[in-house]
Every structure is written in structure tokens, then in C-alpha cells.
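Novice: I would like to see how this sequence folds:
(one chain, ligands or ions: 1)
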Amino acid sequence: MKSVRVSALFYILLSCALVSPVYAAEKRIALTYDDAPRSDAVISGDDRAAMLIAGLEAAGVEQAGFFITTSRINSPERLQRIQSYAAAGHVLANHSHTHPWLREVTAEEYLADIDRASETMALFENTRPWFRFPYLNEAPTVEKRDAVRAGLVARDLRNAYVTVDNYDWYLESLYQRAVKAGEAVCMSALSDLYTDMLVDAANFFNDVAVETMGHSPAHTLLLHENDIAALFVLDLVAALEADGWEIITVDEAYQDPIADIEPDTRFLGQGRVAAIASLNGRSPKTFDHFAINEDQIETAFREEYGVIGDRTD
Ligand SMILES: [Zn+2]
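Specialist: Numbers count the residues shown, from 1 in each chain. From the prediction side, this is the model:
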């Protein structure tokens with residue numbers, strides 16, 4: 001009997017070894033781009049939108065999400081850009097009219113701003129009833145948090161949470177400043193930094209989820225409709241896939257059970273997985289990944305990755 005038990009154990013161990021790469025392939029993530037339509041930068045807004053649409057298609061991304069700040073739609077060209085995302089199969093949702101901090105306005109003013117955005121969103125095809133909080137600023141106080149949550153429910157709007165927070169916007173600002181200052185930017189190094197930062201952030205928050213919940217949820221990656229997103233969308237998808245991630249639609253991501261949880265905490269600014277983990281006893285101070293640290297991103301940009309240097313490729 002003893003040898004039977006040993007061999008059974010052997011097969012259990014063997015099956016775990018065989019199964020583990022399958023688990024690694026089950027990391028799933030959707031791409032979402034905030035603040036569209038952003039202004040012209042190094043790349044014009046029109047070119048940027050065309051690059052993003054072409055890049056997403058070339059990368060095989062069936063559906064990304066674009067979160068619209070409707071006060072930015074101030075020209076026929078910008079309206080057309082938003083329509084072009086929907087025409088390419090991507091989904092559009094509400095990111096407010098004027099992009100306010102909830103901490104700086106009343107809950108009533110905040111909800112009125114959302115309503116104003118909803119009026120414009122009604123012009124578009126392929127919209128979803130989702131609201132992405134500007135700055136992920138959801139809970140300056142419990143009272144405001146609960147008032148806005150109730151307001152969203154009353155409007156049939158769901159919280160378009162993220163699970164993978166990161167400061168892609170800060171890396172974009174370093175890139176824009178360097179170009180303005182006439183510095184030589186090594187684009188391949190910038191791509192390496194962008195993709196490493198985002199893949200590492202996805203794995204960081206996935207590890208937190210697995211530790212907290214015992215499994216990997218469908219993730220939602222926070223990105224912005226900026227130049228580096230357009231320049232490196234193919235590189236990003238390739239890097240995620242090489243690391244075992246599958247790109248899923250935003251519709252699929254928001255079918256995850258965590259979409260129905262509104263965590264009872266004010267620690268919501270690092271996304272839903274971090275919020276759930278904090279309620280399970282993890283200290284908010286432990287969310288110290290380099291992708292959410294401006295100093296570390298700048299050091300990586302200036303020193304570790306050599307984005308600024310002699311090379312001009
Ligand atoms: Zn935003």
C-alpha cells in the first residue's frame with residue numbers, strides 16, 4: 001500500500017507541475033484608455049487616434065475601452081476621433097465632463113458633471129453605462145463616497161474600476177518634457193521602460209489578488225490616450241502575451257465577480273484589487289510598486305533605462 005501512496009503522490013506532484021503553466025496562461029487583462037480626446041502633443045490627436053486603432057487591430061485586441069472626458073470634445077475633428085474608436089469596435093464610457101476631483105466639489109456638483117457628460121455620450125455608438133472616476137478619487141470622505149455611489153446606482157451607471165493602477169501619465173510627461181527640451185530620446189529604451197512598467201504592475205496587482213482572493217480575477221489596466229500608448233501599443237501587447245497574459249475585452253473584464261463588490265473602504269485610489277486586499281488586512285503602505293512612484297519612474301527614465309542619451313533611434 002505504501003508504494004501506491006507514494007506513486008499517487010508522485011502523480012499529484014507531476015500533475016501540479018503540468019498544470020502550473022496553464023494557470024500562468026490564465027492571467028487575463030483588458031486595456032482601457034482614459035481622458036480621450038486628449039490634446040495634440042508630439043503626435044497630433046488625429047494621428048494618435050489612428051495609430052492606436054491600427055495598433056490595437058494589428059495586436060489582435062478585439063475591444064479596448066475609451067473613457068471620454070466630454071468637455072474635451074470641442075471640435076468636429078475630436079468628435080470624429082471618438083466616433084472612430086467606436087467604429088473600430090471599441091467601447092466608450094463616461095469619464096465626466098470636466099474631470100473634477102471629488103474632493104474639490106460637492107457630491108451634487110459631481111453628479112451634475114457626470115449627467116452633463118452622459119448627454120454627450122448619448123451621441124455615440126458602442127457606449128457602455130460605466131463611469132470611470134477621474135484620478136480614481138472616489139472617497140475623499142465616506143459621506144461623499146456613498147452619495148456618489150447612490151447617485152451612480154440611480155443613474156444605472158456602474159463604477160468602471162481598474163485593478164492595475166500605474167503612472168503611465170507621468171512617463172508620458174517625462175517624454176513630452178524631454179522632447180520639448182530638445183533632448184535625444186531613445187525610443188526603443190522608452191518602449192522597454194513603458195512595457196516593463198506595465199507588465200510588472202500587472203503582475204504586482206495579480207500577485208496581490210492571488211494572495212488575497214486565492215485566484216486571479218479578470219483585470220482592467222488603466223492607461224491614457226497619450227502618445228506613448230499609441231507608439232507602443234504593439235510592444236505592450238507583445239510583452240504582456242510573452243509574460244503569459246491574455247488580452248480580453250472590457251466587457252469580459254467587467255463580468256468578473258469583483259465588479260459587484262463596492263469595497264467598504266476609503267482606500268480606493270490604487271484600484272479595486274488593492275482596496276479588497278486592504279480590507280483583508282494588507283497595509284496600504286505595501287502598495288509601493290515602482291509603476292506608482294514618480295521618483296522611481298524618473299530614475300528609470302533618466303538613468304536605468306537610458307531613455308535620454310546619445311542614442312537617437
Ligand atoms: Zn482621467
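Novice: contacts and neighbour counts: CA atoms only from here.
Specialist: OK.
Novice: Which residues of the chain lie near the ion?
Specialist: For the chain, the residues found near the ion under the criterion CA under 5 Å from the ion are 35, 134.
Novice: Test of understanding: give the bridge partners of the residue positioned nearest the centre of the chain.
Specialist: The central residue of the chain, meaning the one whose C-alpha is nearest the mean C-alpha position (CA atoms, centre = their mean), is Leu222 at 1.2 Å. Applying DSSP bridges to Leu222 yields these beta-bridge partners: Thr32.
Novice: wouldn't it be in contact with Asp35 here?
Specialist: No: under the criterion of CA atoms under 8 Å, Leu222 makes no contact with Asp35, lying 11.0 Å away.
Novice: Next, the buried residues of the helix or strand Leu56 falls within.
Specialist: Per DSSP states H and E, Leu56 falls inside helix 45-58. The neighbour-count check on helix 45-58 (16 or more other CA atoms under 10 Å) flags 45-46, 48-57 as buried.
Novice: Ala87: which of those is nearest?
Specialist: Compare each of those with Ala87 using CA to CA and the shortest gap goes to Ile53, at 9.8 Å.
Novice: mind checking how far the one residue in the stretch 201-313 of the chain that gets nearest to the ion is from Ile43?
Specialist: Closest approach of the stretch 201-313 of the chain to the ion (CA to the ion) occurs at His224, with a separation of 7.5 Å. Distance of His224 to Ile43, given as CA to CA, to the nearest Å: 14 Å.
Novice: And these two? Which one has more around it.
Specialist: For His224 versus Ile43, neighbours defined as other CA atoms under 10 Å are more numerous around His224 (23 against 16).
Novice: those strands in the stretch 201-313 of the chain, which residues are they?
Specialist: In order along the chain, the stretch 201-313 of the chain carries the following strands (DSSP state E, counting those that start in this stretch): 219-224, 245-247.
Novice: so which of those is the most packed in?
Specialist: With neighbours defined as mean count of other CA atoms under 10 Å, the strands of the stretch 201-313 of the chain peak in mean count at strand 219-224, which reaches a mean of 25.
Novice: how far is that one from where the chain is centred?
Specialist: 1 Å (CA atoms, centre = their mean, to the nearest Å).
Novice: quick one: contacts of that strand?
Specialist: Contact partners of strand 219-224, identified using CA atoms under 8 Å, 6 or more residues apart in numbering, comprise 28-36, 161-166, 168-169, 202, 229, 250, 253.
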